[in-house]
Structures are given as C-alpha cells and as structure tokens.
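In: I would like the atomic coordinates for the input below:
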Amino acid sequence: MSHVDVVVNKPWGHEYLAYENEHVGLWYLFIKKGERTSLHCHPKKNTGLVLLKGNVKTSFLNGSIEMSSLNKTMIRRGLFHSTLGLADDGSHVFEIETPKDKGDLVRLEDSYGRKLSPYEGKNKERPKDDNCIWIEDPPSGQNHYYNFCDCKILAESILQKESLYDREDSDIFIFLRGGIVSDKGDPIAQPGDVLNGATLDRLSRVFEITDEIVLLSISPEHIGGSGYGCP
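Out: A predicted model of the protein is given here:
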C-alpha cells in the first residue's frame with residue numbers, strides 16, 4: 001500500500017510519508033499535547049526519532065527519556081516504546097524506519113482501543129496539502145534545501161568523505177542512501193542511521209564511504225529554499 005499522497009489521521013494527531021527509497025521511509029508525525037502513541041514495537045525494523053520542534057517524552061518498558069528540539073534517539077527492532085506530546089501547540093517529529101514497512105507493528109498497550117488493531121486503513125486517510133513536506137533525492141554532487149518546522153533541512157549528495165568533516169555538533173544527520181564502511185566493506189553507518197555532527201566527523205575521518213551518499217542534515221537555522229509550514 002502506497003502512502004505517498006496521503007495524511008494518516010491518528011487519535012494522537014497525524015502522520016505522513018515525507019521521503020522514501022528502496023531502503024528507508026521517513027515519516028513526519030504531529031503529536032498533540034497530552035496525547036501519546038501506542039506502546040508498540042517493530043519486530044523487523046529499526047526506527048530513528050528526531051524531534052524537530054516541541055517537547056516529547058518517549059517511554060520504554062523500563063525508563064523514559066525527554067526530548068526537546070533537535071534531540072534524537074534510535075530504537076532497535078523489538079523495543080517497545082511510546083511517545084507523549086508535551087508542547088502546548090503540539091510536537092513535530094521525523095521518524096525514519098529501516099526497512100520501510102508500516103505493517104511491522106505490534107501494540108502492547110493503547111489509550112484509544114487499538115491494541116489488537118493493525119496499522120490504520122484507508123478510512124483514516126486524507127489528501128496531503130501544500131504544508132506537507134516532500135524530500136527529493138538531489139542530483140549527484142548537488143543539494144536540495146527545505147525550510148520546515150523552524151529547521152533548515154538539507155538533502156545532500158556526498159561524493160567525497162571530506163564533505164562529512166567538521167559538521168556542527170548539534171546538527172542531526174540521517175543517512176538515506178549509502179553510508180560509512182570499514183576497510184572490509186562492513187557497514188558502520190547505513191541507511192536509516194541517525195547521528196550527530198561529532199559522531200559523523202569522527203567516523204568519517206577513520207573509515208571510508210560508499211561511492212555516493214544521500215545525507216539529510218537538520219539544523220535550527222532558516223535558509224533559502226522550499227518553504228513549508230509547520231502544521
């Protein structure tokens with residue numbers, strides 16, 4: 001089932017697909033204050049969460065973490081988690097899944113009676129509007145810029161690993177294609193992985209990169225490019 005052109009309504013807010021390729025799906029989530037996603041896991045996929053704007057609390061079976069703007073966390077497959085919106089005007093999140101599979105969902109608890117239900121069907125969908133961001137792969141060696149939710153979002157085609165050096169420590173980086181590999185070709189950072197600038201710099205100085213990387217960088221500044229609202 002394709003979700004490219006639709007917004008999926010949720011009892012806690014809504015979500016939609018903002019980018020996809022054969023490796024990953026990147027989703028935008030809006031979580032209303034006081035509402036939470038189900039306590040769920042993904043048995044087959046890993047998930048990265050990046051908070052673009054607002055505040056959330058992500059809880060696990062043992063413990064929880066609170067995140068504010070441009071915080072991140074990686075959630076391994078099989079780890080139960082639930083995210084609660086804390087911001088008065090809602091919280092805005094990027095969620096990247098690897099591999100892409102919205103049907104890979106097991107709910108343990110749910111505040112809205114969906115514990116035994118699969119992912120939402122067509123009756124919960126509505127068409128996207130002009131505020132919905134859609135990220136394109138840039139041409140080789142070029143970049144695409146977007147403004148969204150008080151963030152500068154840059155889709156970069158990386159051909160030389162020196163381009164990964166000296167990034168801002170506070171910025172967030174998501175691998176969409178390609179990655180960093182060992183001298184034996186084993187993946188060190190691969191599609192779906194979420195890193196900060198310090199980690200990206202340290203790894204890229206030691207290891208090699210694939211022939212081409214598509215990297216999504218997220219920072220708080222505004223810059224020229226396609227502008228989107230923060231619905």
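
In: low-scoring stretches of this protein, by residue?
Out: Within the chain, the segments meeting pLDDT under 70 span 1, 222-231.

In: how about 90 then?
Out: Residue ranges of the chain with pLDDT under 90: 1-3, 102-103, 115-122, 221-231.

In: show me where it has helices.
Out: With DSSP state H as the criterion, the chain has helices at 197-206.

In: which one is residue 58 nearest to, not counting chain neighbours?
Out: Leaving aside its chain neighbours, residue 58 sits nearest to residue 83 (4.7 Å; criterion: C-beta to C-beta, 6 or more residues apart in numbering). C-beta: built from backbone N, CA, C; applies to glycine.

In: what about the one you found, distance to residue 122?
Out: Shown here: residue 83 relative to residue 122, a distance of 25 Å by C-beta to C-beta, to the nearest Å.

In: So between those two, which is more surrounded?
Out: residue 83 (27 against 8; other C-beta atoms under 10 Å).

In: Surely the more buried one is in contact with residue 56?
Out: Yes - using C-beta atoms under 8 Å, residue 83 is in contact with residue 56, at 5.2 Å.

In: hey, what's in contact with both of those two?
Out: Common contact partners of residue 83 and residue 56 (C-beta atoms under 8 Å, 6 or more residues apart in numbering): 31, 93.

In: Count the residues that sit near the closest residue to residue 13 other than its chain neighbours.
Out: Leaving aside its sequence neighbours, residue 13 sits nearest to residue 30 (C-beta to C-beta, 6+ apart; 4.2 Å). For residue 30, the neighbour count with other C-beta under 10 Å is 22.

In: Kindly report the same for residue 19.
Out: 22.

In: if I look at the closest residue in space to residue 33 that isn't next to it in sequence, how far off is residue 111?
Out: The shortest distance from residue 33 to any non-neighbouring residue, by C-beta to C-beta, 6+ apart, is to residue 85 (5.1 Å). Distance, residue 85 to residue 111, by C-beta to C-beta: 12 Å.

In: quick one: which of those two has more around it?
Out: Higher neighbour count among residue 85 and residue 111: residue 85, with 25 against 15, using other C-beta under 10 Å.

In: Please report the distance of the more buried one from residue 157.
Out: 34 Å.

In: which ones are touching the residue nearest to residue 33?
Out: Contacts here follow C-beta under 8 Å, 6+ apart; on that basis residue 85 touches 12, 13, 31, 32, 33, 34, 35, 36, 54, 55, 56, 91.

In: What of residue 6?
Out: With contacts defined as C-beta under 8 Å, 6+ apart, the neighbours of residue 6 are 16, 125, 126, 127, 128.

In: Quick check: it vs residue 85, distance?
Out: Going from residue 6 to residue 85 by C-beta to C-beta gives 22 Å.

In: which outside residues touch stretch 204-217?
Out: The contact list for stretch 204-217 (C-beta under 8 Å, 6+ apart) reads 19, 26, 135, 137-138, 140, 153-161, 164-165, 167, 171-183, 188.

In: circling back to that earlier point, quick one: which of the contacts of residue 85 is nearest to residue 200?
Out: Here the nearest of these to residue 200, counting by C-beta to C-beta, is residue 56; it sits at 23.6 Å.

In: That closest one - how many residues pack around it?
Out: Look at residue 56: counted by other C-beta under 10 Å, it has 25 neighbours.

In: Repeat that for the one 4 residues further on.
Out: Counted with other C-beta under 10 Å, the neighbours of residue 60 add up to 14.

In: residues contacting it?
Out: By C-beta under 8 Å, 6+ apart, the residues touching residue 60 are 79, 80, 81.
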